[in-house]
Each structure stands twice: as structure tokens, then as C-alpha cells.
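Asker: got a predicted structure plus its sequence, pasted below:
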Amino acid sequence: MNTNIPQRNVEIEERHVQKKSDSSQVLSTLIRYTAYIVIVFGVLYFLVRYVFPMF
């Protein structure tokens with residue numbers, strides 16, 4: 001055995017990460033994406049209803 005190896009005292013730090021859910025931020029994101037979907041379907045409806053029949 002090699003006794004020339006220095007002993008290392010290593011302390012391991014444990015971190016417990018808790019994911020916090022902010023309901024107001026979740027609701028705001030839900031409203032934003034709902035608005036995006038409504039706008040996209042509105043544009044598609046306009047194209048199908050008024051623009052495509054002109055061709």
C-alpha cells in the first residue's frame with residue numbers, strides 16, 4: 001500500500017431545490033397562449049371565409 005497519498009476531507013453539500021409554482025404567473029401564461037390560439041384561428045377563419053373564395 002502506498003502511504004504517501006494525502007487524506008482529503010471532502011464535505012458534500014446537499015441542496016434540496018423546491019420548485020415553487022406561482023399561480024398568477026401560470027394563469028398569465030395560460031391567458032397569453034389562449035390569446036395566441038384565438039388570433040391564429042381568427043386569421044385562418046378570415047382567410048378561408050373571405051380571401052380563398054376570391055380565387
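Answerer: Cool, got the structure.

Asker: how much space between Phe52 and Tyr36?
Answerer: In this view, Phe52 and Tyr36 are 23 Å apart by C-beta to C-beta, to the nearest Å. From N, CA and C alone the C-beta is placed, and that goes for glycine too.

Asker: check Val26 too.
Answerer: Distance, Val26 to Tyr36, by C-beta to C-beta: 16 Å.

Asker: and for Asn9?
Answerer: As judged by C-beta to C-beta, Asn9 and Tyr36 stand 55 Å apart.

Asker: low-confidence ranges in this structure?
Answerer: For the chain, the stretches flagged by pLDDT under 70 are 1-5.

Asker: how does it look with 80?
Answerer: Low-confidence segments of the chain (pLDDT under 80): 1-10, 18-21.

Asker: now the helices for it?
Answerer: Using DSSP state H, the helices of the chain run over 23-46.

Asker: picking up where we left off before, if you count surrounding residues, which of Asn9 and Tyr36 has more?
Answerer: Of the pair Asn9 and Tyr36, Tyr36 is the one with more neighbours under other C-beta atoms under 10 Å, namely 10 against 4.

Asker: OK, contacts around the more buried one?
Answerer: By C-beta atoms under 8 Å, 6 or more residues apart in numbering, the contact list for Tyr36 is empty.
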